[in-house]
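> generate coordinates for the sequence data below:
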Amino acid sequence: MKIIFLISLVLLFTIPPAYSQLLSDSTGLLNRLDVQTGGRSFEVETISNFDITNYEFNADEKKLVIYINAGLEKSLTDILIPKSLLDGNFTFYLNDQELFPKVRSNEEISFVNMNFTGIGNHTLAIIGTSYLDGLTEVDESEIMETEKLENKEKKGDSVVWLATAIIIALASILLIVILKKRK
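You can find the predicted model right below:
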């Protein structure tokens, strides 16, 4: 009986409770678009109440195209674009019609807040005036070296997690044995 109480107590602190409430139509889902260009990887984040089915980046045209499937009449989105990927004066087109969303910027990102109407498939084109601002393109040998270092770090992290799991398991077994001997 004490063991069941002890296990319940341990689980109470290790498994956090989840609380939920109803979502509104303006609640957004986070999408992370991994844009690979110039030998670099950039993360464009979108928070929207529609599904992003695909995206493309054209470095020559300095254009990010996002393919959208909207299930609601009123669509809302926030887009965070790294300034090192695209910067300058932005032009936005939704289904080849120019849009004028709110754009705010700081040193690192441009924050775009946009609303549009219409259920179904849409194409959003974001065109900047500068690309890889302050960066140079990376060649493949530098990418290979970086990937090798990342793989070594991942292996080291997995060993730490495995060792931690083994220690916790052994401590749990030891605790159970001690409690049984006391009976």
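> how much space between the residue most central in space within the chain and E43?
Nearest to the geometric centre of the chain sits R32, at 3.8 Å (Cα atoms, centre = their mean). Distance of R32 to E43, given as Cβ to Cβ, to the nearest Å: 5 Å. Using the backbone N, CA and C atoms, a C-beta is placed for each residue, glycine as well.
> re the thing from before, and after the helix or strand containing the residue nearest to the centre of the chain, which helix or strand comes next?
Assigned by DSSP states H and E, R32 falls within strand 29-37. Downstream of strand 29-37, the next assigned helix or strand under DSSP H and E is strand 40-48.
> just the CA atoms of whatever helix or strand comes next after that next one, as CSV, please.
Once strand 40-48 ends, the next helix or strand along the chain (criterion: DSSP H and E) is strand 51-58. C-alpha atoms of strand 51-58 as CSV (Å, rounded to 0.1, in the frame of the first residue of the first chain):
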residue,chain,number,x,y,z
ASP,A,51,-3.2,25.2,-42.8
ILE,A,52,0.0,25.8,-44.7
THR,A,53,0.2,23.0,-47.3
ASN,A,54,3.6,24.0,-48.8
TYR,A,55,6.1,26.8,-49.3
GLU,A,56,8.9,27.8,-51.7
PHE,A,57,11.7,30.2,-51.6
ASN,A,58,13.2,31.8,-54.7
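> from the contact counts, what lies against strand 51-58?
strand 29-37, strand 63-70 (3 or more Cβ pairs under 8 Å, 6 or more residues apart in numbering; DSSP states H and E).
> give the buried residues for the shortest one.
Spelled out, that is strand 63-70. K63, L64, V65, I66, I68, A70 (16 or more other Cβ atoms under 10 Å).
> quickly check these for the two that are furthest apart.
K63 and A70 (20.9 Å; Cβ to Cβ).
> mind putting the buried residues of strand 63-70 into CSV with pLDDT and distance to S158?
Below are the buried residues of strand 63-70 laid out as CSV (pLDDT from 0 to 100; distance: Cβ to Cβ, whole Å):
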residue, pLDDT, distance to S158
K63, 95, 39
L64, 95, 34
V65, 97, 37
I66, 96, 34
I68, 94, 37
A70, 92, 40
